[in-house]
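J.: got a predicted structure here, sequence first:
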Amino acid sequence: MFFENRKPDEVLEIFLIITDLINNTNDLFKKNRSLKKVLFFQKKLVPLVRGLRLGNGYLTRFHGGDRGNIELMDKALSSTNNKDIGNSSNFIGIERITSGRLIMLLDCNPPPLNKSSYDSHASCLSFELTSGQRAIFVNCGPGGRFGIDYKRFCRNTSAHNTSAIENTSQADFKSIFSAERYSKEIISRGPKKVNIQRGKSIDAKWLECSHDGYYENFGILHKRKIIFLKSGTSISGTDYFKKVKKLSQDSSLNLETFFHLHPDVEITNHPHVNSIILRLKNGEHWIFETKVGRPIIKDSIYIDSGYFEPKKTKVIILKNKILEKALTVNWTLRRREIVSRHTRDLKIINI
């Protein structure tokens, strides 16, 4: 099965290989009927590659995948003369939501298991978000090239923009040994059932999804609903946690919800203690707010092929306790309109 490990950059790699092969042997593919299946496969890959790109043109970085080479992507997509963006909103289990200048890609599928999960992350219901060409919220990324400790950290739920209970991951990892020198860690248990529902109204669209990754250990289901105004000026998020199974040790449970920021995002204090101002390099100001507790800012890391080493950044953490049968955590991100705002994106990507 293609893309069983759900790495976006693997989709790109296969697309680039096929496109290069077709471009260099074009006459052969036109004359040989048996090779037309390759042309058909390339046609199917075009909207898939486009669907996995954020507003800055790079790929979303889920399950150990990197951001990809933007020049190679643009060149290959242009050479196909295929402007198809597809009718799907789900790309290898990653849901795509667009509104105004905002693009969000959200992991809405169970992680691969066993031998397909050497690089997979415990990232269900996490997301990456851009406004125009500027990234706002990002996952920590693929840590494998900096050693086993970075790889383990980046695979944990806490390295993603989602929620973790009792500082545990929604998936379990175990080591397996093979003929190779070093052991590999695979996902042995994770979310089994993920529900997805979309809706829209006159002025908004929303995505509602849930997973059962914390059911076995804590008897809890996590549901996340994200609402976008169609103007692209506001996002409202609700994380709902419900105890559906009574366990002996569940008197109270610590909950943390993470929002990792891109290194280019500047943080500014807001007069209200439950709000934070996020300033992007294109001049946009976004206000992050929560109604439950005070946001905590801590150090985090950001990893992709654009940096020679892990880049220091910040993460916003919402801390709560699940005391009763359910808990709701509300958060919003809205654009602050300022006088004579001019975005300073270098170029517009429309390949």
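T.: Happy to help now that I have it. Just so you know, these numbers come straight off a predicted model, no measurement behind them. Numbers count the residues shown, from 1 in each chain.
J.: show me the contacts for residue 303.
T.: For residue 303, the residues meeting the contact criterion (Cβ atoms under 8 Å, 6 or more residues apart in numbering) are 140-143, 146, 150, 154, 310-311. Every C-beta, even on glycine, is put in place using the N, C-alpha and C of the backbone.
J.: save these as TSV, and put in pLDDT too.
T.: Shown next, in TSV, are these (pLDDT from 0 to 100):
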residue	pLDDT
140	96
141	93
142	92
143	89
146	90
150	92
154	94
310	93
311	94
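J.: among the residues you listed, which lie within helices?
T.: 150, 154 (DSSP state H).
J.: which of the contacts of residue 303 sits closest to residue 38?
T.: residue 142 (28.8 Å; Cβ to Cβ).
J.: contacts only, for the closest one.
T.: Residue 142 makes contact with 61, 64-66, 119, 151, 154, 303-304, according to Cβ under 8 Å, 6+ apart.
J.: picking that back up, got the contacts of residue 303 as JSON lines, with distance to residue 104 columns?
T.: Converted to JSON lines, those look like this (distance: Cβ to Cβ, whole Å):
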{"residue": "140", "distance to residue 104": "17"}
{"residue": "141", "distance to residue 104": "17"}
{"residue": "142", "distance to residue 104": "20"}
{"residue": "143", "distance to residue 104": "23"}
{"residue": "146", "distance to residue 104": "27"}
{"residue": "150", "distance to residue 104": "26"}
{"residue": "154", "distance to residue 104": "20"}
{"residue": "310", "distance to residue 104": "24"}
{"residue": "311", "distance to residue 104": "22"}
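J.: among the contacts of residue 303, name the ones in strands.
T.: Taking DSSP state E as the definition of strands, the contacts of residue 303 contribute residue 311.
J.: one step back: taking the contacts of residue 142, please make a PyMOL selection of just the buried ones.
T.: The command below creates a PyMOL selection of those among the contacts of residue 142 that count as buried (16 or more other Cβ atoms under 10 Å):
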select buried, resi 61+64+65+66+119+151+154+303+304
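J.: closest to residue 36 among the contacts of residue 303?
T.: residue 142 (35.1 Å).
J.: now the residue nearest the centre of the chain: phi and psi?
T.: When Cα atoms, centre = their mean is applied to the chain, the residue found nearest the centroid is residue 127 (3.4 Å). Phi and psi for residue 127, reported as degrees, to the nearest 10, are phi -150, psi 160.
J.: so it touches residue 106, yeah?
T.: Yes - using Cβ atoms under 8 Å, residue 127 is in contact with residue 106, at 4.0 Å.
J.: correct me, but residue 200 touches residue 206?
T.: Yes - between residue 200 and residue 206 a contact is recorded at 7.2 Å, counting by Cβ under 8 Å.
J.: burial count for the closest residue to residue 56 other than its chain neighbours?
T.: Spatial nearest neighbour of residue 56, chain neighbours left out: residue 133 (4.5 Å); criterion: Cβ to Cβ, 6 or more residues apart in numbering. As a burial measure, residue 133 scores 21 neighbours (other Cβ atoms under 10 Å).
J.: is it true that residue 133 touches residue 53?
T.: No - between residue 133 and residue 53 there is no contact under Cβ under 8 Å: 11.2 Å.
J.: contact partners for the closest residue to residue 189 other than its chain neighbours?
T.: Leaving out its chain neighbours, the residue that sits closest to residue 189 by Cβ to Cβ, 6+ apart is residue 172, at 4.3 Å. Going by Cβ under 8 Å, 6+ apart, residue 172 touches 187-190.
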